[in-house]
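Undergrad: Attaching a predicted model along with its sequence, questions to come.
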Amino acid sequence: MSLVIIGTIAYDAIETPFGKTDKIVGGAATFAGLAAAYLYDRVKLIGVVGEDFGEDNLGILRSKGIDLHGVQVKQGEKSFFWSGKYHNDMNSRDTLVTELNVLADFDPVVPDSYQDCEYLLLGNLTPQVQLTTLDRLQRKPRLVVLDTMNFWMDIALDDLLRVLKRVDVLTINDAEARQLSGEYSLVKAAEKILELGPRYLIIKKGEHGALLFGDDRVFAAPALPLAEVYDPTGAGDAFAGGFVGYLARVGTVNFNNMKNAVIFGSALASFCVEKFGTERLRELDNELINQRISRFTELSKFEI
Ligand code: AMP
């Protein structure tokens, strides 16, 4: 049994009110994989990088025990590159550059050793590649989670709608939920999106937490109030990795476990934003994660 994650493995250049980075390691699969690997020990990645990525950068993932047999290295080509600049509120950002490079003609390889996949995270990347990955798995996984973003809604909506029909859980942010549904109310947006295919929907609201919809129920999770957010990049991916990593660990999918999974996802996301890029996600341990889960429990516990 394993948890397979597909997504970008990238170079990012980030600007926030706290500073600016040159090209640093990023990508949806990178953040999600790092987060998931703290919770579950059989995490396998599918992705593609260029010759410029370097063994030491892949070593960041390998050092956490993540299986990289499904990661292709394309000689003579450049890695996916994304650059973004955050506004002062840190909840919104402008994408400055998206260079697809190796992603433009990425043909995902699913190694035989990945066919034991029970939990699949279709992390953020081309919807067509997400579809191909689903097709190349011989058995339908127990749970398929999809993460995507406005970029793909803008340029590949039809493919994205096709993926949506084949997944169990969708995670998107509030602006993306509004864009996908055409509804401002998140409750109405959720109703419409659940009609598109997924059984569960998670709407991430940055510093305002996350909402889980499904089974005619709603669960609201807080975000940890943090004094300083250095860089929100990858928080959504760390959330998705933490969410599915927790479910893979407990091995049973039901609404109650999903509620806990949302808290684990939120906890991993709260770490992610404390430093630039993947830095904070690389230095965690079980004790730090458990302490943070306790803070989440305290944060919204009340008795009447
Ligand atoms: P997030 O902050 O959770 O939206 O994730 C940011 C990460 O997603 C960065 O590390 C980027 O490399 C990666 N990224 C940005 N744009 C895209 C895109 N269009 N498709 C896939 N990954 C992307």
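TA: Happy to help now that I have it. Remember, predicted model here, so these are calculated numbers, not experimental data.

Undergrad: okay, CA-based contacts and neighbour counts for the rest of this
TA: Noted.

Undergrad: now the helices for the chain?
TA: 28-37, 55-62, 127-136, 150-155, 157-164, 174-181, 186-194, 235-250, 255-272, 286-299 (DSSP state H).

Undergrad: Can the second one be said to contact the ligand?
TA: No. Judged by Cα under 6 Å from any ligand atom, helix 55-62 makes no contact with the ligand; its nearest approach is 13.6 Å.

Undergrad: Which positions in the protein make contact with the ligand?
TA: Residues of the chain lying near the ligand (Cα under 6 Å from any ligand atom): 8, 10, 12, 26-28, 82, 124-125, 151, 232-237.

Undergrad: same thing but 8 Å
TA: Within the chain, the positions lying close to the ligand (Cα under 8 Å from any ligand atom) are 7-12, 25-28, 30-31, 80-83, 95, 98, 123-126, 148-152, 232-238, 277.

Undergrad: Quick check on those residues: which are buried?
TA: Listed as buried from these are 7-12, 25-28, 30-31, 80-83, 123-126, 148-150, 152, 232-238, 277; burial here means 16 or more other Cα atoms under 10 Å.

Undergrad: ok, the residue nearest to Phe276 when sequence neighbours are not counted to Thr16 distance?
TA: Closest residue to Phe276 apart from its sequence neighbours, by Cα to Cα, 6 or more residues apart in numbering: Asp231 at 5.2 Å. Using Cα to Cα, to the nearest Å, we find Asp231 at a distance of 6 Å from Thr16.

Undergrad: Same question for Asp67.
TA: From Asp67 across to Thr16, the span is 32 Å (Cα to Cα).

Undergrad: before we move on, the earlier item: looking at the helices of the chain, which is buried most?
TA: Ranked by mean neighbour count, the helices of the chain are led by helix 28-37 with a mean of 30 (mean count of other Cα atoms under 10 Å).

Undergrad: And for Asn173, the neighbour number?
TA: For Asn173, the neighbour count with other Cα atoms under 10 Å is 20.

Undergrad: my read: it touches Ile203, true?
TA: Yes. Using Cα atoms under 8 Å, Asn173 makes contact with Ile203 at a distance of 5.1 Å.

Undergrad: coming back round to it: for Asp231 and Thr16, list the residues in contact with both.
TA: Listed as contacting both Asp231 and Thr16 by Cα atoms under 8 Å, 6 or more residues apart in numbering are Met90.

Undergrad: which one of the two has more residues nearby?
TA: In this view Asp231 and Thr16 are compared by other Cα under 10 Å, and Asp231 has more residues nearby, 24 against 21.

Undergrad: Confirm for me that the more buried one is in contact with Lys275.
TA: Yes. Counting by Cα under 8 Å, Lys275 is a contact partner of Asp231 at 6.1 Å.

Undergrad: Pull up the overlap in contacts between the two.
TA: By Cα under 8 Å, 6+ apart, no residue touches both Asp231 and Lys275.

Undergrad: Run through the residues that contact the residue most central in space within the chain.
TA: Nearest to the mean C-alpha position of the chain, counting by Cα atoms, centre = their mean, stands Asp237 at 2.4 Å. Residues in contact with Asp237, defined by Cα under 8 Å, 6+ apart, are Ala28, Ala29, Phe31, Ala32, Gly123, Asn124, Asp147, Ala269.

Undergrad: Any figure for the gap between Asp22 and Glu283?
TA: 21 Å.

Undergrad: wait, Val48
TA: From Val48 to Glu283 the distance is 24 Å (Cα to Cα).

Undergrad: can you check Lys140 too?
TA: In this view, Lys140 and Glu283 are 34 Å apart by Cα to Cα.

Undergrad: next one: Lys301
TA: Noted for Lys301: a distance of 29 Å to Glu283, by Cα to Cα.

Undergrad: now Val253
TA: Distance, Val253 to Glu283, by Cα to Cα: 29 Å.

Undergrad: which of the two has more neighbours?
TA: Val253 (13 against 9).

Undergrad: Can you tell me, leaving aside adjacent residues, what's nearest to the more buried one?
TA: Nearest residue to Val253 in three dimensions, chain neighbours excluded: Leu247, at 6.6 Å (Cα to Cα, 6+ apart).

Undergrad: what's the answer for Lys165, then?
TA: Gly197 is the one closest to Lys165 (Cα to Cα, 6+ apart), at 4.2 Å.

Undergrad: So what touches the worst-scoring helix or strand of the chain on mean pLDDT?
TA: Every helix and strand in the chain was compared by mean pLDDT, DSSP states H and E; the lowest is strand 19-20, with a mean of 92. Residues lying outside strand 19-20 but in contact with it, judged by Cα under 8 Å, 6+ apart, are Ala13, Ile14.
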